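**Student:** Provided below are the primary sequence and the corresponding predicted coordinates.
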Amino acid sequence: MIMLAVESSCDETAVAVVRDGRTVLADAIASQADMHAVYGGVVPEIASRKHVEAIAGLTDLALSRAEVTKGDIDAVAVTYAPGLIGAVLVGVNYAKALAFGLNLPLVPVHHVRGHIAANYITHPDLEPPFVCLCVSGGTTAIVDVRTYTEMEVLGATRDDAAGECFDKAARVLGIGYPGGGPMDRLARGGDDARYELPRAHVDGAPLDMSFSGLKTAVLNLAHNAQQKGEKLDLPDLAASFGAAVSGILVPRTMEAARQKGYGKVAVAGGVAANSRLRADLERACRESGDILYLPELKLCGDNGAMIGCQGYYEYLAGKRAGMDLNAFANRDIGRG
């Protein structure tokens, strides 16, 4: 089965062609990161307009790279939630038009389910059930992946997402946007014990997380240093920050894995590319005996391949959408 998949939930426009869920024939991506960097974050209106400009051309490019035609496509999958509502709408409306014009089934895909599915592409042997840490600029959650289409959130952030925290800390420190990559590279030469940063606990919800205090702590450090005319050691602060984020995420993920007893742990989303997080999870899984599945770095960020992969399993489960499909800024992963 050949699936054409569309992703436009934030600032990457992506169209992929995927065969039978796990074989990526093509994945064409147009990033807007440089465009939004001057603003220190994604500007929703600009993102939506750029999706409109890029999406049709990317479809032609993906089909060409895959060496297939529109007549070879069996179904169209599209991210319909969650994300920037204007951006998601561009992809949804485009996919609806394609499906209608080609008389093909339309398969709606939850964006975070797509991130989880990136692991199926990297690891052909991976099958549910497993526990997955989903961590990105918009989501931070520990998910019980019971089947390909049955999932439940076991714990989640109560405020900021971990990826958002990276971006905002980087902006305050003058490192730039997006902040995840630069913060990670900077941290590799730093002392992770130099700055004491908070690692919040949520009373009565041991698997839940909070990152707002960590973000505020970095903001206060930067402002206090500026007021006193002092300089922060950026590599040390980046290393301390990365250690704090990982110190919040890893123990909760491993506790969820212990509770479920599947013996398998996966990671998904943009922050899954963070070297400190990957190393700490590798160490924790060696100690626990769980098998760790890490997505290929190029599949950590937003892409169409992951939507095509998850779309295949949603299709097999009988999920279809009509021309009344709408976009959602927020959507429980359990509802698909």
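**Tutor:** Right, received. Where do you want to start? Numbering: from 1, shown residues only.

**Student:** contacts made by whatever helix or strand residue 47 lives in with the rest, please.
**Tutor:** Secondary structure here is read from DSSP states H and E; on that basis residue 47 sits in helix 44-66. Helix 44-66 is touched from outside by 4, 6, 8, 10-11, 13-17, 25-30, 32, 35-36, 69-70, 84-87, 89-91, 94, 98, 304, with contacts defined as Cβ atoms under 8 Å, 6 or more residues apart in numbering. Backbone N, C-alpha and C define where each C-beta goes, glycine included.

**Student:** ChimeraX command to pick out the buried ones of these?
**Tutor:** Here is the ChimeraX selection string for the buried members of the contacts of helix 44-66, based on 16 or more other Cβ atoms under 10 Å:
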select :4,6,8,10,11,13,14,15,16,17,25,26,27,28,29,30,32,36,84,85,86,87,89,90,91,94,98,304
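
**Student:** quick check: residue 194 is in a strand.
**Tutor:** No. Following the definition DSSP: H, G, I helix; E, B strand; the rest coil, residue 194 is coil and is not counted among the residues of a strand.

**Student:** how about the residue lying closest to it once chain neighbours are set aside, what does it touch?
**Tutor:** Here the nearest residue to residue 194 in space, its sequence neighbours aside, is residue 236; by Cβ to Cβ, 6 or more residues apart in numbering that works out to 3.6 Å. The neighbours of residue 236, taking Cβ under 8 Å, 6+ apart as the test, are 190, 191, 192, 194, 195.

**Student:** what is the strand or helix carrying residue 183 packed up against?
**Tutor:** For residue 183, the element it lies in under DSSP H and E is helix 180-187. Other elements packing on helix 180-187 under the criterion 3 or more Cβ pairs under 8 Å, 6 or more residues apart in numbering; DSSP states H and E are helix 162-172, helix 234-260, helix 275-288.

**Student:** in the very next helix or strand once past that helix, what's buried?
**Tutor:** Next along the chain after helix 180-187, taking DSSP H and E as the criterion, comes helix 212-228. Using 16+ other Cβ under 10 Å as the burial criterion, the residues of helix 212-228 that qualify are 212, 214, 215, 217, 218, 221, 222.

**Student:** residue 163 versus the last one, what's the distance?
**Tutor:** Meaning residue 222. For residue 222, the distance to residue 163 (Cβ to Cβ, to the nearest Å) stands at 19 Å.

**Student:** output the lowest mean pLDDT helix or strand found in the protein.
**Tutor:** Least confident helix or strand of the chain, by mean pLDDT, DSSP states H and E, is helix 33-37 with a mean of 84.

**Student:** list the contacts of the closest residue to residue 91 other than its chain neighbours.
**Tutor:** Using Cβ to Cβ, 6+ apart and skipping the chain neighbours, the partner closest in space to residue 91 is residue 8 (3.3 Å). Applying Cβ under 8 Å, 6+ apart, we find residue 8 in contact with 14, 51, 55, 79, 83, 87, 88, 90, 91, 94.
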